[in-house]
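Colleague: Sequence isn't available, so here's the structure alone:
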Ligand code: CMC
């Protein structure tokens, strides 16, 4: 018999069904509670509220487990490629050799971006933040793909929009970078795989032959895989809630990009490097900055530390820390900021404040150091997170549509003024 939870309010008892997931996590289904009792539940910040049932990503914050479609992140980061992981997230299974070939081929047919999109680039101030540009440009793609606005799209059209998004995202990201340097943009080359093509468009110069460094390609694949999905986080929830109103896929993903921009979410990778640079310029005294992070009268937080769900360790951080050491060694980079990061981590992990609150380094603590070693400027880091997260957002959007989820519309507890009579402006 399935488990039932009981809620007692006054002298009445309500039976609430208990739902169990495939990894045995349990939830109390309160979807009929208001109809039955007149009460709603309140959970500001959704710390304890499941918004959906999902079969994409599983994470266990206590044990530090992360799996995409059942496959452990450690195996995918070690053995897979970003584009294979994208296929897995979106379609639910690892592709066969032929499926992967077809997927890559279709993507390569759509990497070109409408030339008129370049006029948007001209309009942005050259130093405007890449995330603002990315969010606007992805939203603008709807204007160039008006079929995406039609209601009741066929699975074939939906799939085409998905392919276009993945294909054009890498071109747009590379163009944003080129614009920041005042350099001519590069066009995609179909002979390259997705990640190599992205690196080619980003780093190649008209003046010389681009040399592909397998170390860089492998590091980039790993970083993108680690960022590819993370279940119902701020940006994924945003994508699902915007998409639930039947807004088109470009608008939904653009909203996700805006959510990711914030320094408490994806923007943390930029904030970490800026923080480490500041500590370096200040003489490298990590104790002083740890004390600042603990001081409740100081708004400073140790960026790259803490996570809403991981309360033991972030498995992505473990992989990335190792990758960071390997890549810096292979590229022969000696970055002082890395030693400050390591010192900071060591001190924080033993400090009562951080231990008590279960604050550990998250994925963003080390990712910026790798991006920097690969040659990306700091304000591009969050855009790279978005490039990696795109398949996850798409998978979340697609699942929400396929499950025919209703429009997302939370309730509230109103705490404002009650009845008041309008007073004439002269009497206020
Ligand atoms: N430095 C210092 N204190 C912290 C930090 C930190 N980085 N993070 C949390 N705390 C403290 C916080 O002040 C609070 O203390 P108290 O209980 O005394 O009031 C306690 O720990 C719990 O914090 P919270 O803000 O209630 O936790 P949350 O689950 O709402 O926030 C977080 C999670 C990630 C927003 C937060 O830990 C944070 O701001 N971290 C820094 C930003 C960061 O690195 N974000 C990237 C997250 S991973 C990438 C992604 O998925 O987007």
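Modeller: Done, it's in. Note that the coordinates shown come from a computational prediction; the quantities given were computed from them, not determined experimentally.

Colleague: For burial, what's the neighbour tally of the residue in the stretch 201-350 of the chain positioned nearest to the ligand?
Modeller: Closest residue of the stretch 201-350 of the chain to the ligand, C-beta to the nearest ligand atom: residue 306 (2.3 Å). Backbone N, C-alpha and C define where each C-beta goes, glycine included. Neighbour count of residue 306, defined by other C-beta atoms under 10 Å: 20.

Colleague: Make 259 the starting number, not 1.
Modeller: Renumbered: residue one is now 259, and that last one reads residue 564.

Colleague: That one and residue 527, how far apart?
Modeller: 14 Å (C-beta to C-beta, to the nearest Å).

Colleague: Check residue 538 too.
Modeller: Counting by C-beta to C-beta, the gap from residue 538 to residue 527 is 17 Å.

Colleague: okay, those two: which has more neighbours?
Modeller: residue 527 (30 against 13).

Colleague: and after the helix or strand that that one is a member of, which helix or strand comes next?
Modeller: Using DSSP states H and E, residue 527 maps to helix 526-539. Counting by DSSP H and E, the next helix or strand C-terminal to helix 526-539 is helix 544-552.

Colleague: where does the stretch 509-658 of the chain come near the ligand, residue by residue?
Modeller: 522-524, 526, 551, 559-566, 615, 617, 620-622 (C-beta under 6 Å from any ligand atom).

Colleague: Just the buried ones from these?
Modeller: 523-524, 526, 551, 559-565, 617, 620-622 (16 or more other C-beta atoms under 10 Å).

Colleague: For the residues you listed, which two are the farthest from each other?
Modeller: 524 and 551 (20.4 Å; C-beta to C-beta).

Colleague: residue ranges for the helices of the stretch 509-658 of the chain, please.
Modeller: In the stretch 509-658 of the chain, the segments counted as helices under DSSP state H, counting those that start in this stretch are 526-539, 544-552, 573-589, 594-608, 610-614, 622-632, 639-660.

Colleague: by contact count, what packs against the longest helix along the chain?
Modeller: If you go by DSSP state H, the chain has its longest helix at helix 413-439. With contacts taken as 3 or more C-beta pairs under 8 Å, 6 or more residues apart in numbering; DSSP states H and E, helix 413-439 sits against helix 355-366, helix 375-381, helix 388-402, helix 452-461, helix 507-519, helix 639-660.

Colleague: And those: which comes nearest residue 581?
Modeller: Of the helices and strands packed on helix 413-439, nearest to residue 581 by C-beta to C-beta is helix 639-660, at 13.6 Å.

Colleague: Regarding the residue in the stretch 259-408 of the chain that the ligand sits nearest to, what are the backbone dihedral angles?
Modeller: As assessed by C-beta to the nearest ligand atom, the ligand sits closest to residue 303 within the stretch 259-408 of the chain, at 6.2 Å. Note on residue 303: its backbone torsions stand at phi 80, psi 0 [degrees, to the nearest 10].

Colleague: do the same with residue 265
Modeller: Dihedral angles (degrees, to the nearest 10) for residue 265: phi -120, psi 130.

Colleague: Not counting sequence-adjacent ones, nearest residue to it?
Modeller: Of all residues not flanking residue 265 in the chain, residue 272 sits nearest, at 4.7 Å (C-beta to C-beta, 6 or more residues apart in numbering).

Colleague: No more questions from me, cheers.
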